[in-house]
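Engineer: have a look at this fold, sequence not included:
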């Protein structure tokens, strides 16, 4: 699906908002878990933007955000240390969820910048296109190494360090059962993780590179987080302005949107 078609659908309303399950109106207490973002992953945060007309806080937008944030945790810590319900989501999915075999302590700082490009709903399937900037995170221990040894030269012009290029992803999930209740407001708190299940009743169908939106995501990355731009032939490269890592250039921004923690005062 071409990008302009996807965004057009959102703007013109051809992507219906999925109605919450009847269970969502239950008077039963909201189910919650004793869960917090893994401290071993450091102070890193995630900041989302959205294409015009795309709602980050809708149920489908929230489920998409939860998937990408939970999958990142699982990559380093395994599904068992990720968001509530993600282990069951992964086990119930035919498409494999990439996850660490055992938890790894990899502290990271900075901010992961993401863009929700489009959401489309067909029958019981939800397909989302997302851009991942990939250049905002760094390991604090690398800052310590740089302070001791000086900047490390990179492979860019004059030894500059190249920033990662943004990636485009297309993810499809399918509804396979009833959904648990959610809080009425999903972003009330500044937390980096929910303590409720955003995945119940859903399974992963596919995650693949969003080739059709790749150029759009790279364009967004240049506008959103440009660094120093360098043209090489027909290609525009992003360079870190003062080598890497650079906490000034890669600040740790507040989580946005944050996640409601049920029971938090």
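Structural biologist: Right, received. Where do you want to start? Since the model is a prediction, treat every value here as computed from it, not as a measurement.
Engineer: in stretch 237-252, what's buried?
Structural biologist: For stretch 237-252, a neighbour-count test (16 or more other C-beta atoms under 10 Å) marks 237-240, 243-246, 249-250, 252 as buried. Just so you know, the C-beta spots here come from the backbone N, C-alpha and C atoms, and that holds for glycine as well.
Engineer: ditto for stretch 54-61
Structural biologist: Those would be 54, 56, 58-61, for stretch 54-61 by 16+ other C-beta under 10 Å.
Engineer: tell me the spacing between the residue lying closest to residue 77 once chain neighbours are set aside and residue 138.
Structural biologist: In space, and not counting its chain neighbours, residue 77 is closest to residue 103: 4.6 Å by C-beta to C-beta, 6 or more residues apart in numbering. Distance of residue 103 to residue 138, computed by C-beta to C-beta, to the nearest Å: 21 Å.
Engineer: quick one: low-confidence ranges for the stretch 151-265 of the chain?
Structural biologist: Of all residues in the stretch 151-265 of the chain, those with pLDDT under 70 make up the ranges 265.
Engineer: where do the helices sit along it?
Structural biologist: 214-224 (DSSP state H, counting those that start in this stretch).
Engineer: what about the strands in it?
Structural biologist: 167-175, 202-209, 228-232, 235-239 (DSSP state E, counting those that start in this stretch).
Engineer: pick the most buried one from these.
Structural biologist: Comparing these by mean neighbour count (mean count of other C-beta atoms under 10 Å), strand 167-175 ranks first with a mean of 19.
Engineer: tilt between it and helix 214-224?
Structural biologist: Using axes from the mean of the first three to the mean of the last three C-alpha atoms, to 10 degrees, the direction of strand 167-175 lies 120 degrees away from that of helix 214-224.
Engineer: who's in contact with strand 167-175?
Structural biologist: Strand 167-175 has contacts (C-beta atoms under 8 Å, 6 or more residues apart in numbering) with 63-64, 67-68, 117, 124-132, 134, 201-214, 216-217.
Engineer: may I see the PyMOL selection of the buried members of those residues?
Structural biologist: Command for PyMOL that selects the buried part of the contacts of strand 167-175, burial taken from 16+ other C-beta under 10 Å:
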select buried, resi 63+64+67+68+117+126+127+128+129+130+131+132+134+201+202+203+204+205+207+210+213+214+216+217
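Engineer: so what's residue 80 closest to, chain neighbours aside?
Structural biologist: residue 87 (5.5 Å).
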